[in-house]
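Novice: below is the sequence, then the predicted model.
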Amino acid sequence: MTTLAARSRRQHNQHKQLFAVIGELQAAIAKGRGQKQMHLILEKLIAYTETHFPAGEAYMRDRSRPRTTRSSTCSWC
């Protein structure tokens, strides 16, 4: 089982990767190479979404309470 700290580090590192790709796009645009770099950057963003979102969904699924133990005082919990 993956610990919360390990998952948090993994998610944090994935977020850092996302900001690095955004930085690459900003740098390419600033240098007038945005159009040329767009394909490569989009491929990186697609790869990011293919790993980040399933991992985040699994994390939320693992951390949520089973529906049978929902709070009786909260209609949306």
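Specialist: In hand now; what should we look at?
Novice: and the pLDDT for M38?
Specialist: Looking at M38, its pLDDT reads 86.
Novice: gap between it and E24?
Specialist: Distance, M38 to E24, using CB to CB, to the nearest Å: 11 Å. (C-beta placed from N, C-alpha, C; glycine too.)
Novice: cool, and Q17?
Specialist: 11 Å.
Novice: just checking, next helix/strand downstream of the strand or helix carrying Q14?
Specialist: Per DSSP states H and E: Q14 is located in helix 4-30. Using DSSP H and E, the helix or strand that follows helix 4-30 in sequence is helix 34-63.
Novice: does anything pack onto that following helix? Which helices or strands?
Specialist: Judged by 3 or more CB pairs under 8 Å, 6 or more residues apart in numbering; DSSP states H and E, helix 34-63 is in contact with helix 4-30.
Novice: report the angle between the helix it packs on and helix 34-63.
Specialist: 170 degrees (axes from the mean of the first three to the mean of the last three CA atoms, to 10 degrees).
Novice: how distant is helix 4-30 from the center of its chain?
Specialist: 9 Å (CA atoms, centre = their mean, to the nearest Å).
Novice: avg pLDDT for it?
Specialist: 85.
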